[in-house]
Structures are given as structure tokens and as C-alpha cells.
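Peer 1: my questions concern the predicted model and sequence given below.
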Amino acid sequence: MLSVKCLNVFYGDAQALWDVSFEVPEKKLVTIIGSNGAGKSTLLKAISNLLVSRSGEIQIQGHVTTGLAAHHVAELGVAHVPEGRQLFPLMTVMENLRIGSVLPEAKAKREETLREVFDLFPVLGERQSQMANTLSGGEQQMLAIGRGLMLRPKLLLLDEPSLGLAPMLVSQIFEVIKEINSRGITVLLVEQNVQRSLEMADEGFVLENGRITMSGSGQELLVNEHIKTAYLGL
């Protein structure tokens, strides 16, 4: 589904990613873990071309996307749910969702996708006419994920979906992510909840100081001594 080769990304003269290479198989759930400032959000922005990479290559299902405009990446079926939700606060739940389905293929199946989103997040169905900025933090995160799903993505990029949520809501969000993946959508998850993300990941990559330093199955990384010491506090 996704192939990243020797990716280098800069902010001005400061390099943020160094020769990052990894692959995400179709229909799998892959997680990127790392500390604050490691470059995780930068990596997702580079994949969706919200940031222009200095060098390297990104392919989505064999299509080279390096240098494409971000909306052309979306046309290939890539939905990016950013850190901090980035909703349209003075628009309703329904208006935010409809914006996620403006591309022709998604627009043609909008009503079907809305039913699927409301099935995953019943509370959004109950709050269709409510302004986004009046939702709780958990409900806003549900709306952000729902808006991404309205694209009918093949690849869903999730940036810190559990950030700032109460423990019970964190569990709910992770269960929804597993359900989304089980429906055939490939998921690339950036998440600081290392334990939960590795428990459900098919594969994981460790990003440290802008470099991929380790990879393996989720279960392999969970028992790795460096991971336990550096990220799990064990």
C-alpha cells in the first residue's frame, strides 16, 4: 500500500527526517512510535504531501506521489487525520463530515459512508446539527476520524488519536481503529500510547531523532528491552 524510500525532510535548514525507509502492507495496521519531537507528525505530513520532502520517494500502491499536490494524494485514497483534530469549529458535525467526501468517488457514496460512520460513532448521529466546537474532546476525535473515513480511504493516517482523552475514551478509540482496519482499510498509526498501539499493530517502527532505528511485529517490539525501558517504563 505504502512505500517510503530514503525520505529526507527539512524545516528550512533544520533536517527533521533522515533517510527514512519503510513499507506498509495492504490491509495491515502499522504503528510508528517515538518520543515527542522524533519526527512522527512530520512523517505523516510528508506522506500526505502537506510537507515537501527534500529527497527520497513515496509510493501509494505503486504510484509515485513525491511532489504531488496534497489533494492529488487524497485522490489516491489517502486520508490524514491530523494531531489536534483540526475540525471546522463553527460548522456542524454533519457539515464537517460532508467536507470529508467532496471528491467525486466519495461524494457518490456519501450516504452509505455516513451510515457506516454513524454505526462506528453513534454519538455523531445524535449530534448531527451540533457545532463541532461544542463537542467534548472525545467526540471531536470521533468526528475527526469520521471525517477521514468519509473519503472512503484505502490508507488512513492517524496522528495521535488518543491524545488528551480520558482512559475510557482511549479504549473506545483503539477499539474503533481495530474495527476500521478489520473492514479492509490500511492504517498507519502514530501514537504515544506505545503499549496499546503495539498490542494491536501487525508491525511497528521506532522513530528516534528523525531516523528509523528499529522495526518488528507489534509483539516483538513489546518484549524488546529497549522499548520496555525507553517507552514503557519497565
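Peer 2: Arrived safely.

Peer 1: going by C-alpha atoms from here, please, whenever you check contacts or count neighbours.
Peer 2: Will do.

Peer 1: can you classify the residue minimising distance to the centre of the chain as helix, strand or coil?
Peer 2: By C-alpha atoms, centre = their mean, the chain has its centre lying nearest to Leu158, at 1.5 Å. What DSSP: H, G, I helix; E, B strand; the rest coil gives for Leu158 is strand.

Peer 1: please name the bridge partners of it.
Peer 2: Val81, Leu189 (DSSP bridges).

Peer 1: mean confidence for the lengthiest helix in the chain?
Peer 2: For the chain, the helix with the greatest residue count under DSSP state H is helix 167-182. Helix 167-182 carries an average pLDDT of 93.

Peer 1: what is that helix packed up against?
Peer 2: helix 194-200 (3 or more C-alpha pairs under 8 Å, 6 or more residues apart in numbering; DSSP states H and E).

Peer 1: could I have the helix it packs on exported to CSV, CA atoms only?
Peer 2: Presented in CSV, the C-alpha positions along helix 194-200 are these (Å, rounded to 0.1, in the frame of the first residue of the first chain):
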residue,chain,number,x,y,z
VAL,A,194,3.0,2.7,23.0
GLN,A,195,1.5,-0.3,24.9
ARG,A,196,-1.9,-0.1,23.2
SER,A,197,-0.7,0.7,19.8
LEU,A,198,1.9,-2.2,19.7
GLU,A,199,-0.6,-4.6,21.1
MET,A,200,-2.9,-4.3,18.1
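
Peer 1: I'd like the next helix or strand past that helix.
Peer 2: strand 203-208 (DSSP states H and E).

Peer 1: and the pLDDT at Leu234?
Peer 2: Value for Leu234, per-residue pLDDT: 65.

Peer 1: sorry, slip of the keys, the one I care about is Leu188.
Peer 2: The per-residue pLDDT reported for Leu188 equals 98.

Peer 1: Three-state assignment for Gln141, please.
Peer 2: Per three-state DSSP, Gln141 ends up helix.

Peer 1: from what I see, it and Asp159 are in contact.
Peer 2: No: Gln141 is beyond contact range of Asp159, at 10.8 Å (criterion: C-alpha atoms under 8 Å).

Peer 1: of these two, who's got more company?
Peer 2: Taking neighbours as other C-alpha atoms under 10 Å, Gln141 and Asp159 compare with Gln141 leading, 27 against 23.

Peer 1: ok, back up a step: let me know whether the residue nearest to the centre of the chain touches Leu188 as I believe.
Peer 2: Yes: with contacts counted by C-alpha under 8 Å, Leu158 reaches Leu188, the gap being 6.3 Å.

Peer 1: what ranges does this protein have for its helices?
Peer 2: According to DSSP H, the helices that the chain contains are 40-47, 70-75, 93-99, 104-108, 110-120, 122-126, 137-149, 167-182, 194-200, 218-222, 225-230.

Peer 1: quick one: closest of those helices to Lys28.
Peer 2: When those are compared by C-alpha to C-alpha, helix 167-182 sits nearest Lys28, at 7.0 Å.

Peer 1: report the buried residues of that closest one.
Peer 2: Buried residues in helix 167-182, counted by 16 or more other C-alpha atoms under 10 Å: 169-170, 173-174, 176-177, 180-181.

Peer 1: could you list the low-confidence segments of the chain?
Peer 2: 234 (pLDDT under 70).

Peer 1: related to what we said a few turns ago, also compute the angle for the longest helix of the chain relative to helix 110-120, please.
Peer 2: Inter-element angle recorded for helix 167-182 and helix 110-120: 140 degrees (by axes from the mean of the first three to the mean of the last three C-alpha atoms, to 10 degrees).

Peer 1: brilliant, that's me finished.
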